[in-house]
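*Asks:* Requesting a structural model of the entry that follows:
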Amino acid sequence: MTDRTEGQGADEGTGGTAASSGGRGGDRRGRERRKDDRRAPTPIWRKPWAYAIYGVIGALLVVLLLRDAGDDEAPVLADAGALSDSGTGQTYTIPDTPPGTVRDAYSVAEFEALIAEGDQAVGDVVRTEIFCGSINPVAVREYEGMNPGIAALADDEGRAAGAECRWSREARTADFLLLVPPVLAEAFAGAPEEELNFVRLRRVSANVEWLGRSEALALRYSGILREINPT
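*Replies:* As a prediction, this is how the structure comes out:
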């Protein structure tokens, strides 16, 4: 009776030891699995400061692209004389400006004053400084009673040489269309350039015949270049 009890106790002790050993072995494997599941360190290119650098580089690229777009302006029409003969057979001749009749209009406020005067200001010659893009063909719509200067500058295909301009540095957009007679095209193209809002424009100090809002030019506020003044 005693031997059987001792044997059972030995068996139970052995089983308990094995179970205890098995438990410890299971814990070790669990710890090893947790070690294997740990993530690798974050790569340098995915660090927060790396994303900040990417943003700075992207902004610089946008600025450079905008500057390149401003430099790639349409070429000045070398053969602007081809737009000089009107389909009506007229030839544009720059009229003489009587002394003392030129008025100054340099600022945006003075530009708006010309607009406010309406037809009363049409035909006035103003002294100003405008910032213009390159010369390009501009569509002219012919109609009865149109300004004779515009009619004389238009060719057989209804085009005239013109440039989109900003009236002074204060203007944020091109708000004025300047018609350029062929005889002044070369002097216009040689005007000094200046960068405004990442766009290179010609700074033209000039006397301009004010045309107001012209129906022939799609109701654009416009004028004809009369003379380029020394800067």
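*Asks:* only C-alpha atoms for contact and neighbour calcs from this point on.
*Replies:* Fine.
*Asks:* So G149: helix, strand or coil?
*Replies:* With DSSP: H, G, I helix; E, B strand; the rest coil as the basis, G149 sits in helix.
*Asks:* Equivalent analysis for L178, please.
*Replies:* Secondary structure state of L178, per three-state DSSP, is strand.
*Asks:* can you count the residues close to it?
*Replies:* 26 (other Cα atoms under 10 Å).
*Asks:* could you pull out the helices for this structure?
*Replies:* Here the chain has its helices, by DSSP state H, at 2-37, 48-71, 108-117, 148-153, 182-189.
*Asks:* which one of these has the lowest average pLDDT?
*Replies:* Mean pLDDT is lowest for helix 2-37 among the helices of the chain, at a mean of 48.
*Asks:* How many residues are close by the nearest residue to S214 once chain neighbours are set aside?
*Replies:* Nearest non-adjacent residue to S214, counting by Cα to Cα, 6 or more residues apart in numbering: R220, 5.8 Å away. A count of nearby residues for R220, using other Cα under 10 Å, gives 16.
*Asks:* now E164
*Replies:* 22.
*Asks:* Nearest spatial neighbour of it, chain-adjacent residues omitted?
*Replies:* Spatial nearest neighbour of E164, excluding adjacent residues (Cα to Cα, 6+ apart): L177 at 4.9 Å.
*Asks:* Please apply the same query to A174.
*Replies:* R166 (4.5 Å).
*Asks:* The one you found contacts T173, doesn't it?
*Replies:* Yes. Using Cα atoms under 8 Å, R166 is in contact with T173, at 6.1 Å.
*Asks:* Neighbour count: the two, which is higher?
*Replies:* The neighbour comparison of R166 against T173 (other Cα under 10 Å) goes to R166, with 24 against 12.
*Asks:* what sits opposite that one in the beta ladder?
*Replies:* Counting by DSSP bridges, R166 is bridged to F131.
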